[in-house]
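Asks: What follows is a protein structure lacking sequence information:
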């Protein structure tokens with residue numbers, strides 16, 4: 001199960017990188033809905049309202065840049 005923690009960390013870092021780019025345009029209601037879903041949805045479903053695609057390497061590059069910074 002350690003991989004789940006590593007994946008979660010990468011996902012959060014990637015979302016944070018997106019947030020850094022869009023700032024105040026981030027929708028609090030979408031964010032709350034994502035948090036409320038908890039582990040009930042696949043990550044692709046959680047990212048869809050943001051227009052994000054986990055299959056896009058650029059999404060993950062943003063998270064890696066957060067770590068590198």
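Replies: Perfect, I can see it now. In this text the structure is predicted, and so the values were computed from the model without any measurement. Numbering: from 1, shown residues only.
Asks: got the residue ranges for the helices in this structure?
Replies: 2-22, 28-37, 43-47, 57-68 (DSSP state H).
Asks: Lowest average confidence across those helices, which one?
Replies: When these are compared on average pLDDT, helix 28-37 comes out lowest at a mean of 74.
Asks: got the contact list for that one?
Replies: Residues from elsewhere that reach helix 28-37 (Cβ atoms under 8 Å, 6 or more residues apart in numbering): 45-46, 49-50. The way it works is simple: take the backbone N, C-alpha and C, and place the C-beta from them, glycine included.
Asks: ok, the residue minimising distance to the centre of the chain to residue 64 distance?
Replies: Residue closest to the average C-alpha location in the chain (Cα atoms, centre = their mean): residue 15, at 3.2 Å. Separation of residue 15 from residue 64 (Cβ to Cβ, to the nearest Å): 13 Å.
Asks: for residue 3, same thing?
Replies: 17 Å.
Asks: same check, this time on residue 38
Replies: Per Cβ to Cβ, residue 38 is found 25 Å from residue 64.
Asks: the more surrounded of the two?
Replies: Taking other Cβ atoms under 10 Å, residue 38 and residue 64 do not tie; residue 64 has more neighbours (14 against 8).
Asks: Tell me who's in contact with that one.
Replies: Going by Cβ under 8 Å, 6+ apart, residue 64 touches 10, 13.
Asks: let's see 7 Å
Replies: If you count contacts by Cβ atoms under 7 Å, 6 or more residues apart in numbering, residue 64 has none.
Asks: What about residue 14, how many residues nearby?
Replies: Counted with other Cβ under 10 Å, residue 14 comes out at 22.
Asks: For residue 21, see how far away it is.
Replies: According to Cβ to Cβ, residue 14 and residue 21 sit 11 Å apart.
Asks: same check, this time on residue 10
Replies: 17 Å.
Asks: More neighbours: which of those two?
Replies: Neighbour count, other Cβ under 10 Å: between residue 10 and residue 21, residue 10 has more, with 17 against 10.
Asks: The residue nearest to the centre of the chain: what's it in contact with?
Replies: Here residue 15 is in contact with no residue (Cβ under 7 Å, 6+ apart).
Asks: Okay then, goodbye and thanks.
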